[in-house]
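Peer 1: sequence and computational prediction follow.
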Amino acid sequence: MLSLLKRFTRKDDAAVAFEAVIMTPILAFMFVASFVFFDAFRTYNTSVKATYAVADVISRQGEADVYESDIRGLANIFQHITRNPNGSAIRVTQLIYDADTDDYSFEGSFATNGRTELRASDIPDLRDRIPVMSDGDAVLIVESWIPYRPAFDVGLGALEFSNFTTTRPRVGRIPFNDGDDPACVSCNWGETPDLGDGDTTGSPTNS
């Protein structure tokens, strides 16, 4: 048997057509697989950057109220950046640290697309992901989920990429409001809302 294998490795005569029949499917599979894995990595990388972008926008909000309609608008922007209009979701939560009790209090938690808001029972599982904070400090937690369906079946099944990022509000704490922005909830993106007294200086929200 060993002599047959040695003879096979030394032989260099073959039919090109026969080699093509063997190698063409392998090359085609490798090409398609490389496309799928590259596209999956691109989708994940884009979702990470989009999550950071949403967190940065909210952290710069300053003293202006952040409404649920604002979070939905940011979710639409997230979908646009990731080019994934179906199934993606974000959740934005602000926590305040109390050094006396070594615990956190909630000041707003909003989620989109059917995701549940962050609850006190979820905090123990997140402690190792929350940075060290001083007493009274606030932290914004922005989470995102984005489904990925491969264009071809190459062994990579349906996935859901999730991201978790924390950032500190640029000015104290972000004032979250449980309702919809009354001036902007009915606006389409690019329209200027009428605030009722002829003032149109408000900024529209994509709801």
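Peer 2: Great, that's in hand. Numbering: from 1, shown residues only.

Peer 1: now for the longest helix seen in the chain, which elements pack on it?
Peer 2: Taking DSSP state H as the criterion, the chain has its longest helix at helix 16-59. Helix 16-59 makes packing contacts with helix 68-82, strand 89-98, strand 138-148, strand 159-167 when contacts are defined by 3 or more CB pairs under 8 Å, 6 or more residues apart in numbering; DSSP states H and E. For the C-beta atoms, the positions are set from N, CA and C on the backbone; glycine is no exception.

Peer 1: for my notes, please list the ones you listed in a markdown table and give distance to S105 and mean neighbour count for each entry.
Peer 2: Shown next, in a markdown table, are the helices and strands packed on helix 16-59 (distance: least, CB to CB, whole Å; neighbours: other CB atoms under 10 Å):
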| stretch | distance to S105 | mean neighbour count |
| --- | --- | --- |
| helix 68-82 | 20 | 20 |
| strand 89-98 | 5 | 21 |
| strand 138-148 | 10 | 21 |
| strand 159-167 | 16 | 15 |
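
Peer 1: mind putting those in CSV, mean pLDDT included?
Peer 2: Output for the helices and strands packed on helix 16-59, formatted as CSV (pLDDT from 0 to 100):
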stretch, mean pLDDT
helix 68-82, 90
strand 89-98, 92
strand 138-148, 93
strand 159-167, 93
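
Peer 1: ok so, going back, same question for the longest helix of the chain, mean pLDDT?
Peer 2: If you average the pLDDT over helix 16-59, you get 89.

Peer 1: ends of stretch 3-20, what's the gap?
Peer 2: 27 Å (CA to CA, to the nearest Å).

Peer 1: now do the same end-to-end measure for stretch 80-92.
Peer 2: Taking CA to CA, the first and last residues of stretch 80-92 lie 18 Å apart.

Peer 1: chain center to that stretch, what's the gap?
Peer 2: 7 Å (CA atoms, centre = their mean, to the nearest Å).

Peer 1: which residue is nearest the middle of the chain?
Peer 2: For the chain, S144 is the residue whose C-alpha lies nearest the centre (CA atoms, centre = their mean; 3.5 Å).

Peer 1: quick check: chain neighbours aside, which residue is closest to G114?
Peer 2: Of all residues not flanking G114 in the chain, A89 sits nearest, at 7.1 Å (CB to CB, 6 or more residues apart in numbering).

Peer 1: ok, back up a step: give me the angle between the longest helix of the chain and strand 159-167.
Peer 2: 30 degrees (axes from the mean of the first three to the mean of the last three CA atoms, to 10 degrees).

Peer 1: quick one on the thing from earlier: identify the bridge partners of the residue nearest to G114.
Peer 2: W145 (DSSP bridges).

Peer 1: that one and T116 touch, don't they?
Peer 2: No. Assessed by CB atoms under 8 Å, A89 is found out of contact with T116, at 10.3 Å.

Peer 1: sorry, back to before: can you give me the angle the longest helix of the chain makes with helix 68-82?
Peer 2: Going by the same axes, to 10 degrees, helix 16-59 makes 150 degrees with helix 68-82.

Peer 1: quick one: distance of helix 16-59 to the chain centre.
Peer 2: 18 Å.

Peer 1: equivalent analysis for stretch 127-147, please.
Peer 2: 15 Å.

Peer 1: for stretch 138-156, same thing?
Peer 2: 7 Å.
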